[in-house]
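S.K.: I'd like to go over a predicted model; first the sequence, then the structure.
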Amino acid sequence: MKKGDTGDTWSKLIDIKEFPDLGGEPEMLETTTLSDDMQTYIAGIQSLDGLSFTANYTLSDFQALKALEGKKASYAVWFGGTESAGVVTPDGSNGKFSFDGELSVYPVGGGVNEVVGMNITIAPSTPITFSAT
């Protein structure tokens, strides 16, 4: 996951393990009239819940995310990347999805022989936009 800096520059925020649906179904607005044999609809506004991401917990990552809480910022998820020495660097070659929102973060429960995780939730304040480049 990336965070917007200034202009068109983005910096890596955190490696994520899971990401949510980056869109949703539109509301269905009924347009049926008495002359229709069945119900008809048009698409309304798109429905979107809070965006919930999971990541491995580290103190430094948690503190960096905690410092962003309550602040509106730009975020993005990039698909595609280049591999070098077994490490994939996201480059957005398979699409970029960006949006503005307010972030919150908390550690999630765990158990024996489990990696400690954290949940990052972003309340979107703009529509998610897609870019192919």
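M.R.: Received it, and whenever you're ready, just let me know what you need.

S.K.: roughly how far is stretch 109-128 from the heart of the chain?
M.R.: Relative to its chain's centre, stretch 109-128 lies at 11 Å (C-alpha atoms, centre = their mean, to the nearest Å).

S.K.: What pairs with the longest strand along the chain, parallel or antiparallel?
M.R.: Assignment by DSSP state E gives strand 96-107 as the longest strand of the chain. Its sheet considered, strand 96-107 pairs with strand 72-78 (antiparallel), strand 117-124 (antiparallel), strand 129-131 (antiparallel) by DSSP bridges.

S.K.: chain center to the last one: distance?
M.R.: Read it as strand 129-131. For strand 129-131, the distance to the chain centre is 12 Å (C-alpha atoms, centre = their mean).

S.K.: Offset the numbering so it begins at 26, please.
M.R.: OK, 26 is where the count begins now, so the last one is strand 154-156.

S.K.: what's that strand in contact with?
M.R.: By C-beta atoms under 8 Å, 6 or more residues apart in numbering, the list of residues contacting strand 154-156 from outside reads 117, 120, 121, 122, 123, 124. C-beta: built from backbone N, CA, C; applies to glycine.

S.K.: which residue sits closest to the second one in space, ignoring its chain neighbours?
M.R.: What that stands for is residue 120. Of all residues not flanking residue 120 in the chain, residue 104 sits nearest, at 4.8 Å (C-beta to C-beta, 6 or more residues apart in numbering).

S.K.: just the buried members of the contacts of strand 154-156?
M.R.: Among those, those scoring as buried are 117, 121, 122, 123, 124 (criterion: 16 or more other C-beta atoms under 10 Å).

S.K.: ok, the fourth one to residue 66 distance?
M.R.: Going back to what we said before, that points to residue 123. 30 Å (C-beta to C-beta, to the nearest Å).

S.K.: Before I go, just wanted to say thanks for your time.
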